[in-house]
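In: Give me the fold of what follows.
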Amino acid sequence: MFATKEILVPVQLMERDTSSTSPFDCPVGNLPVEVHSTIFLIGQAIERLEREMEILDDEEFTGPSSPFEVRVSHVNARWRSVALSTGQLWTDFVVQPGYSSESVKAYFSRSKQCLLDIQLRNCPETSITNNILSALFQDSIRWRSCIIEAGLDGWTMNHIVPIAAPNLERVEFVVKAPDRARRFGEVWQGRPVLNGGCPGLKEATLRGFALHFARPPLSSVTRLHLDYRGHLPLSYDEFRALLTNAPSLENFSINGVVIESTPHNHTRTVIVLPKLLRLGISSLHGQVYSGILLTVKAPLLQSLILEGAQDSDLDPFLDAPYDLPHLRSFSLCGSAFAPSKLNKIYVLFPSLEEIVVMDVVFNPSEILRVVSEFIRDLGLAPSHLIQSTLSTSQEPRTLKLMLNPDQRSELRELLQQRLIDEEVVDLDNSKWSFIKFFDWLQNFVTAEILLSVTTQHM
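Out: Numbers count the residues shown, from 1 in each chain. Got it, this is the predicted structure:
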């Protein structure tokens with residue numbers, strides 16, 4: 001059956017009499033071929049999106065087992081003719097264990113001269129498969145995207161090295177460990193691939209040993225993801241060489257232990273990424289976070305996302321940070337940070353407009369503005385009180401110590417609706433209640449920060 005009811009209805013109408021040419025029996029039959037073809041392409045795109053969404057949600061795809069393009073080509077003669085004449089429907093090639101060589105050959109023929117999306121996953125080493133792959137590689141000028149998952153010594157990895165792919169936009173290489181032990185220099189010298197050139201490449205993902213053994217040209221890449229969880233991370237010099245060849249990077253994410261840890265007193269040459277806007281780091285090794293942040297300088301960085309970082313992991317970086325004048329968003333996923341640490345981050349990077357922690361999204365500047373206004377409206381003299389507090393204590397006291405229980409309760413009730421109405425705090429996708437957030441907020445807003453805000457509104 002079909003993925004959507006909209007497509008199911010005309011299929012049922014046409015199945016009544018597949019030999020009929022009457023527009024009354026088959027209303028879709030009189031559509032121009034171009035329109036009919038566009039409808040097929042839209043239906044295919046919808047089903048792909050549904051499949052991708054279920055994969056992202058870690059759910060098994062519940063749609064039809066056969067591809068959309070195959071199903072529409074088996075409805076009747078009219079639909080088959082339109083489907084077979086629409087080359088864009090047949091551009092997805094998947095070669096993996098259990099694949100049908102006849103199906104791949106049919107797709108290759110039906111795709112005409114359209115750009116191709118290639119997936120080669122652990123291709124079986126047979127003469128038939130090698131012949132099919134040879135045909136695909138000889139037609140690499142038509143590649144739009146490719147995903148290659150293979151062993152280090154496999155046929156696929158050996159043949160990807162010299163080819164040219166001028167229309168290639170996206171690549172993902174997943175390289176497994178070698179089957180036999182080798183000398184260090186024989187394997188880990190950063191073997192390049194796609195040496196014939198891929199000037200249109202915009203997105204690259206390198207997983208596993210691809211980090212060492214399958215590096216495409218990165219000069220035009222704007223989005224790069226590195227994922228390595230083994231025991232042979234890149235040396236600093238290798239990491240620097242890789243990023244130096246990617247001057248156009250705008251989005252950079254790292255998962256695992258991509259770069260070796262280095263003692264904090266070790267001098268490194270900073271790697272400048274002049275166009276980088278978004279940086280994401282996820283690792284089980286705490287030293288990776290500050291190691292990357294102290295290594296990569298991104299003057300235009302707008303968004304920093306840390307997954308799995310713990311409270312002390314950023315200490316080396318926060319003790320000697322570099323200026324990030326355009327940083328707007330700071331996100332923590334699966335991380336445990338004390339309010340005082342977030343407070344320090346907010347002080348160091350005053351351009352921050354959004355902090356995301358524990359699935360709570362909030363704008364610290366706006367919260368401080370609203371809080372200070374309400375404290376003043378409650379009849380307190382915040383500036384005088386804060387200055388008095390600061391003069392008698394080396395550590396700034398928090399908002400929680402400044403208010404008695406009745407004042408705190410009133411402030412919480414007044415703040416809740418306003419902060420949510422003005423979209424200063426978003427709790428929709430969070431497990432936090434506003435009461436819990438307010439209690440946490442009192443440990444985040446220190447008297448020192450509150451002073452700088454309240455004096456602007458007095």
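In: Who are the packing partners of the lengthiest strand in the chain?
Out: Among the elements of the chain assigned as strand by DSSP state E, the one spanning the most residues is strand 143-151. Under the contact definition 3 or more C-beta pairs under 8 Å, 6 or more residues apart in numbering; DSSP states H and E, strand 143-151 sits against strand 116-121, helix 155-160, strand 170-176. All C-beta atoms are positioned from the backbone trio N, CA, C, and that covers glycine.
In: So in that sheet, which strands flank it, and in what orientation?
Out: Strand 143-151 pairs in its sheet with strand 116-121 (parallel), strand 170-176 (parallel), by DSSP bridges.
In: the bottom helix or strand of this structure by mean pLDDT?
Out: Ranking every helix and strand in the chain by mean pLDDT, DSSP states H and E puts helix 5-15 at the bottom, with a mean of 38.
In: Tell me which helix or strand comes right after that helix.
Out: helix 33-56 (DSSP states H and E).
In: tell me what that following helix is packed against?
Out: Contacts defined by 3+ C-beta pairs under 8 Å, 6+ apart place helix 33-56 against helix 68-72, helix 77-85.
In: quick one: buried residues of the last one?
Out: By neighbour count on 16 or more other C-beta atoms under 10 Å, the buried set for helix 77-85 is Arg78, Trp79, Val82, Ala83, Leu84.
In: What is the nearest of those residues to Phe349?
Out: Within these, proximity to Phe349 (C-beta to C-beta) peaks at Ala83, which comes in at 54.1 Å.
In: Looks like that closest one contacts Ser73 (just checking).
Out: Yes: with contact defined as C-beta atoms under 8 Å, Ala83 and Ser73 form a contacting pair (3.9 Å).
In: So for stretch 206-226, first residue to last residue, what's the gap.
Out: 5 Å (C-alpha to C-alpha, to the nearest Å).
In: what comes up buried for stretch 315-330?
Out: Pro316, Phe317, Pro321, Leu324, Leu327, Ser329, Phe330.
In: which of these lies closest to Glu260?
Out: Of these, the one sitting nearest to Glu260 (C-beta to C-beta) turns out to be Pro316, at 15.5 Å.
In: In which helix or strand does the closest one reside?
Out: helix 315-319.
In: What count of nearby residues applies to Thr222?
Out: Residues within reach of Thr222, counting by other C-beta atoms under 10 Å, total 18.
In: quick one: contacts for the closest residue to it other than its chain neighbours?
Out: Of all residues not flanking Thr222 in the chain, Glu250 sits nearest, at 4.5 Å (C-beta to C-beta, 6 or more residues apart in numbering). By C-beta atoms under 8 Å, 6 or more residues apart in numbering, the contact list for Glu250 reads Thr222, Arg223, Lys275, Leu276, Leu277, Arg278.
In: Next one: Glu250 from Glu50, what distance?
Out: 29 Å (C-beta to C-beta, to the nearest Å).
In: Ok, Ile281 next?
Out: Ile281 is 31 Å from Glu50, by C-beta to C-beta.
In: neighbour count winner among those two?
Out: Shown here are Ile281 and Glu50; by other C-beta under 10 Å, Ile281 has more neighbours (23 against 15).
In: wait, that one sits on Glu307?
Out: Yes: in this structure Ile281 lies within contact range of Glu307 using C-beta under 8 Å: 7.2 Å.
In: list residues touching both of the two?
Out: Contacts common to Ile281 and Glu307, judged by C-beta under 8 Å, 6+ apart, are absent.
In: hmm, back to that, elements contacting the helix holding Pro316?
Out: helix 287-295, helix 339-348.
In: State the number of residues packed around Pro274.
Out: Burial of Pro274 is recorded as 11 neighbouring residues (other C-beta under 10 Å).
In: returning to what we had before: from the buried residues of stretch 315-330, which one has the minimum pLDDT?
Out: Among the buried residues of stretch 315-330, Pro321 carries the lowest pLDDT, at 78.
In: For that one, list the residues it contacts.
Out: Leu293, Leu348, Phe349.
In: which residues touch the second one?
Out: Contacts here follow C-beta under 8 Å, 6+ apart; on that basis Leu348 touches Leu318, Pro321.
In: Would you list the phi and psi of Val94?
Out: Main-chain torsions, Val94, degrees, to the nearest 10: phi -130, psi 120.
In: Per-residue pLDDT of it, please?
Out: pLDDT, Val94: 86.
In: what's the burial count for it?
Out: Neighbour count for Val94, taken as other C-beta under 10 Å: 16.
In: wait, isn't it in contact with Asp117?
Out: No: counting by C-beta under 8 Å, Val94 stays clear of Asp117, with 9.2 Å between them.
In: ok so, going back, farthest pair in the buried residues of stretch 315-330?
Out: Pro316 and Ser329 (22.1 Å).
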